[in-house]
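Undergrad: Just to be clear, the model below is a prediction. Sequence and coordinates:
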Amino acid sequence: MGELLETDGLRRRAFLLGSSGAVAGLAGCLSDRLDQGNGGGNGGGNGGGNGDDDEAEDDAVETDDTEPPEPDFVVGSSAEADYETLQGAYDSLDSGDVIGIESGKYTVQPDVEYADIEGEFLTKTYTYVGESDEDTVIEIVMPEARSFTVRGTLHFLLGDGPPGFWNATLEIPDEIEYSRLVAYDEYDEDVEDEYEDETREAYEESEMDVNYCTVNGSLGGPTSAHESVFNDELVHELSASDCRFYDVVRGPSINAQDCRFYNDLRSNSGWVVDSTIEGTVGLNNVLLRDCEVSQGINVTGSGDVESCVVDSKPDSNLAIDIRSEYSATVTECEINGSVRSNEDGAFIDRFELNRFESSSSYIIDGAPATEIFLNVFEGGDVRITTDTGDLNSFPAEELTLYDPERQLGNYYAEWGGVDEADEGVLETRTLPGEDGAMDRFPLANDDIEAYAVDAAEEEEDDD
């Protein structure tokens, strides 16, 4: 194992397999797209309206140009292969090489060195390019213990960077986690002198490429994925496009576009756009835009929900559950369910341009936001009470059920007053609830988009 096969030279055979896709520049293109918005949550992107989003998406398609890298050496059973086994190639080659892998099942056991931290140092890393996730299977084996106990966390080093995987099925044991060295200078006194600032900065943002793969288990560390399938729970940084996730996804930072999540999604920062989440979303420093959410949203931090369809939780009419006071907004959404704020101190900044529909008696019962205007409420009414719990911390003086500048409130389908006219605004409505909260400009019909457009045109004419 490890000896070069008898061939006619070390050829650089291209493995241009799998479809080409939008991997390179994903984060940059999406960041440009999100920057065109008009405000967002803390750490959750820059949010806002759709603006020139379609144009930005076109740019992303035009500028992305990634294919699997050309292998330096090939592993397999054919006459063209340079190595018979993946372990032989791993043991013999230099860190950073690209290893092409023919059809078949292969095992590789990473080599590690002891580190006086949680986990070990990888002695080298490679990029692995298979033929397809149906034909090439890579089983990663736990490193062998020497004079120490392998603890599972495998740190890729500054000089080597992370491993990469293309066109393969990955079998990963539960104990393995790949990771950066967050404070690498503490463990290597020479690292600051050996590498330029740019190299260190790139390392701090480096991610493992996982493209056109099926992953059983978890890599456990920062991952950039495209057109890949993940079958098990993920708890790490993630940047993904056109991927499918079958178990819970949670981590410190998640950025995703055109993905499908079949279970719950929770993150402490990031953005998710143009995606479907069949579980419940935990909103915490996250921008959620142009998504479909099948089992409701738990608001557990700041963030923004824009242009989404949000269905209620299973066996419940509850679609949005606000857990505390957060700087968050929900705009231009279709919300099929009610809103709940658990305490007086549980509220967000704004609900605007949303369409609520629910069979609940009250879609809003309490005070879930300080600004609630240009919304449609169908199937249930709105009852405002700002002092219903123990916290008594809702800023009742800041509550407004209309936009004072545009003089536009909400449309209440269950209110008899909407029968008085079919356009414009109606007489002031005092809403149900102990506070006697008033919408001074209730809307006569449910075309909230037209109301917003007319108000914008009037403002432009005034200027």
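TA: Yep, it's here.

Undergrad: Domain map for this structure?
TA: 1-23+66-247, 312-463 (automatic domain parsing).

Undergrad: show me the residues around Gln407 that make contact.
TA: Contact analysis of Gln407 by C-beta atoms under 8 Å, 6 or more residues apart in numbering lists Val425, Arg440, Phe441. Every C-beta, even on glycine, is put in place using the N, C-alpha and C of the backbone.

Undergrad: most neighbours, which of these?
TA: Phe441 (23 neighbours; other C-beta atoms under 10 Å).

Undergrad: what about the helices in the stretch 151-300 of the chain?
TA: Counting by DSSP state H, counting those that start in this stretch, the segments of the stretch 151-300 of the chain that form helices are 191-194, 197-204.

Undergrad: Who are the packing partners of whichever helix in the chain runs longest?
TA: Counting residues, the longest helix in the chain under DSSP state H turns out to be helix 448-462. In terms of contacts (3 or more C-beta pairs under 8 Å, 6 or more residues apart in numbering; DSSP states H and E), helix 448-462 is packed against no helix or strand at all.

Undergrad: pLDDT on that helix, on average?
TA: What helix 448-462 shows for mean pLDDT is 91.

Undergrad: And stretch 285-292, by the same measure?
TA: Mean predicted confidence for stretch 285-292 is 98.

Undergrad: same deal with stretch 172-187?
TA: For stretch 172-187, the per-residue pLDDT averages 73.

Undergrad: Report the helix or strand with the lowest average pLDDT across this protein.
TA: helix 53-63 (a mean of 40; mean pLDDT, DSSP states H and E).

Undergrad: ok, residues contacting whatever helix or strand comes next after it?
TA: Of the helices and strands lying after helix 53-63 in sequence (DSSP states H and E), the nearest is strand 73-75. Residues outside strand 73-75 that contact it (C-beta under 8 Å, 6+ apart): 10-11, 13, 15, 80-86, 88-89, 93, 97-102, 106.

Undergrad: buried sites along the longest helix of the chain?
TA: By neighbour count on 16 or more other C-beta atoms under 10 Å, the buried set for helix 448-462 is Ile448, Tyr451, Ala452, Ala455.

Undergrad: Not counting sequence-adjacent ones, nearest residue to Tyr412?
TA: Phe377 (5.3 Å; C-beta to C-beta, 6 or more residues apart in numbering).

Undergrad: Show me what the one you found bridges to in the sheet.
TA: Applying DSSP bridges to Phe377 gives these bridge partners: Phe356, Tyr412.

Undergrad: With Leu431 as the reference, measure out to it.
TA: Distance, Phe377 to Leu431, by C-beta to C-beta, to the nearest Å: 10 Å.

Undergrad: what do you get for Ser206?
TA: In terms of C-beta to C-beta, Ser206 sits 53 Å off from Leu431.

Undergrad: now Asp403, which residues is it bridged with?
TA: Leu408.

Undergrad: Distance from stretch 356-368 to the middle of the chain?
TA: 28 Å (C-alpha atoms, centre = their mean, to the nearest Å).

Undergrad: And the residue nearest to Ile140 when sequence neighbours are not counted, how close does it get to Ser228?
TA: Of all residues not flanking Ile140 in the chain, Ile172 sits nearest, at 5.2 Å (C-beta to C-beta, 6+ apart). Look at Ile172 and Ser228: by C-beta to C-beta, they are 13 Å apart.

Undergrad: same thing with Asn410?
TA: 43 Å.

Undergrad: now swap in Trp415 and tell me
TA: Taken as C-beta to C-beta, the span from Trp415 to Ser228 is 50 Å.

Undergrad: the more surrounded of these two?
TA: In terms of neighbours (other C-beta under 10 Å), Ser228 is the more surrounded of Trp415 and Ser228; the figures are 26 against 19.

Undergrad: okay, the residue nearest to the more buried one when sequence neighbours are not counted: pLDDT?
TA: Closest residue in space to Ser228, ignoring its immediate chain neighbours: Cys213 at 4.5 Å, by C-beta to C-beta, 6+ apart. pLDDT, Cys213: 98.

Undergrad: So Cys213 sits against Asp133, correct?
TA: Yes. Between Cys213 and Asp133 a contact is recorded at 5.4 Å, counting by C-beta atoms under 8 Å.

Undergrad: Pull up the overlap in contacts between these two.
TA: In contact with both Cys213 and Asp133: Asn167, Ala168, Thr169, Ser228, Val229, using C-beta under 8 Å, 6+ apart.

Undergrad: Would you confirm that the second one contacts Ile140?
TA: No. No contact is recorded between Ala168 and Ile140 when judged using C-beta under 8 Å, the distance being 10.9 Å.

Undergrad: neighbour count winner among those two?
TA: When neighbours are counted by other C-beta under 10 Å, Ala168 and Ile140 differ, and Ala168 comes out ahead with 27 against 20.

Undergrad: Identify the residues contacting the more buried one.
TA: Ile101, Tyr128, Val129, Gly130, Ser132, Asp133, Thr136, Val137, Ile138, Cys213, Thr214.

Undergrad: Filter those residues down to just the ones in strands.
TA: Among those, the members falling in strands (DSSP state E) are Ile101, Tyr128, Val129, Thr136, Val137, Ile138, Thr214.

Undergrad: quick one: the fourth one from Phe394, how far?
TA: Summarising the geometry, the distance separating Thr136 from Phe394, computed by C-beta to C-beta, is 58 Å.

Undergrad: what does Val418 give?
TA: For Val418 relative to Phe394 (C-beta to C-beta), the value is 28 Å.

Undergrad: When the two are compared, which one has more neighbours?
TA: With neighbours defined as other C-beta under 10 Å, Val418 and Phe394 compare such that Phe394 has more, 26 against 18.

Undergrad: Spell out the secondary structure type for that one.
TA: coil (DSSP: H, G, I helix; E, B strand; the rest coil).
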